[in-house]
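J.: here's my sequence, what's the structure:
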Amino acid sequence: MKRSVRSAASVSELTEHAGFWLRFVSNHVSHEFSRRLLDYSVTVAEWVVMRELYGREAMPPSELAEKIGLTRGAVSKLVERLVEKELVARWGRNDDRRYQEVELTAGGRALVPKLAAAADRNDEEFFAPLPAKEREALIATLKKLVKAHELHRLPTE
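T.: The predicted model follows:
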């Protein structure tokens with residue numbers, strides 16, 4: 001039995017896909033930001049949790065999970081790591097042991113602006129070749145895609 005072979009001309013190149021270029025840029029931006037966060041002993045996922053808690057009252061981990069689009073289990077693991085680093089506090093209620101709340105500690109609140117500055121520097125350095133109007137257009141285009149596809153999960157990797 002003879003197999004049909006597709007010609008090379010009928011197979012699109014990787015570089016012809018917008019998704020390829022989005023992933024290519026995203027991976028490099030994310031890798032550099034992740035490297036910067038190592039100076040603070042925090043991962044990107046931990047940064048996302050801390051930023052969501054910043055400036056808010058204590059909240060249940062389930063609410064935090066909903067806000068950032070992760071499972072409760074994933075958020076629980078992240079909160080546990082942040083508790084161990086003394087950046088987040090967690091406590092339960094006496095009347096319901098299943099109910100917990102989390103919030104940033106004083107150390108966590110003090111660290112968030114430093115991490116935000118690292119994120120700002122990372123963006124500024126990476127996207128510096130784009131004039132302000134092009135950067136604004138890029139962000140607007142990406143937001144349009146997020147809305148059109150109803151994307152909710154925050155990037156944590």
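
J.: for residue 43, give me phi and psi.
T.: Taking degrees, to the nearest 10, you get phi -90, psi 170 for the backbone angles of residue 43.

J.: check residue 104 too.
T.: Torsion angles, degrees, to the nearest 10, at residue 104: phi -70, psi 140.

J.: quick one: it and residue 87 touch, right?
T.: Yes - between residue 104 and residue 87 there is a contact under CB atoms under 8 Å: 6.7 Å. Backbone N, C-alpha and C define where each C-beta goes, glycine included.

J.: could you name every residue contacting both of these two?
T.: Counting by CB atoms under 8 Å, 6 or more residues apart in numbering, the common neighbours of residue 104 and residue 87 are residue 50.

J.: so where's the protein shaky on pLDDT?
T.: Residues of the chain meeting the criterion pLDDT under 70: 1-9, 93-97, 156-157.

J.: mind listing the strands for it?
T.: Using DSSP state E, the strands of the chain run over residues 88-92, 100-104.

J.: make TSV from those strands and add distance to residue 72 to it.
T.: Listed next are the strands of the chain as TSV, based on distance: least, CB to CB, whole Å:
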stretch	distance to residue 72
strand 88-92	13
strand 100-104	11
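
J.: make a markdown table out of the ones you listed and add mean neighbour count and distance to residue 74.
T.: Output for the strands of the chain, formatted as a markdown table (neighbours: other CB atoms under 10 Å; distance: least, CB to CB, whole Å):
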| stretch | mean neighbour count | distance to residue 74 |
| --- | --- | --- |
| strand 88-92 | 15 | 15 |
| strand 100-104 | 19 | 14 |
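
J.: tell me which of the ones you listed lies nearest to residue 140.
T.: strand 100-104 (31.4 Å; CB to CB).

J.: ok, residues contacting the closest one?
T.: 50, 53-54, 56-61, 64, 79, 87-92, 112.
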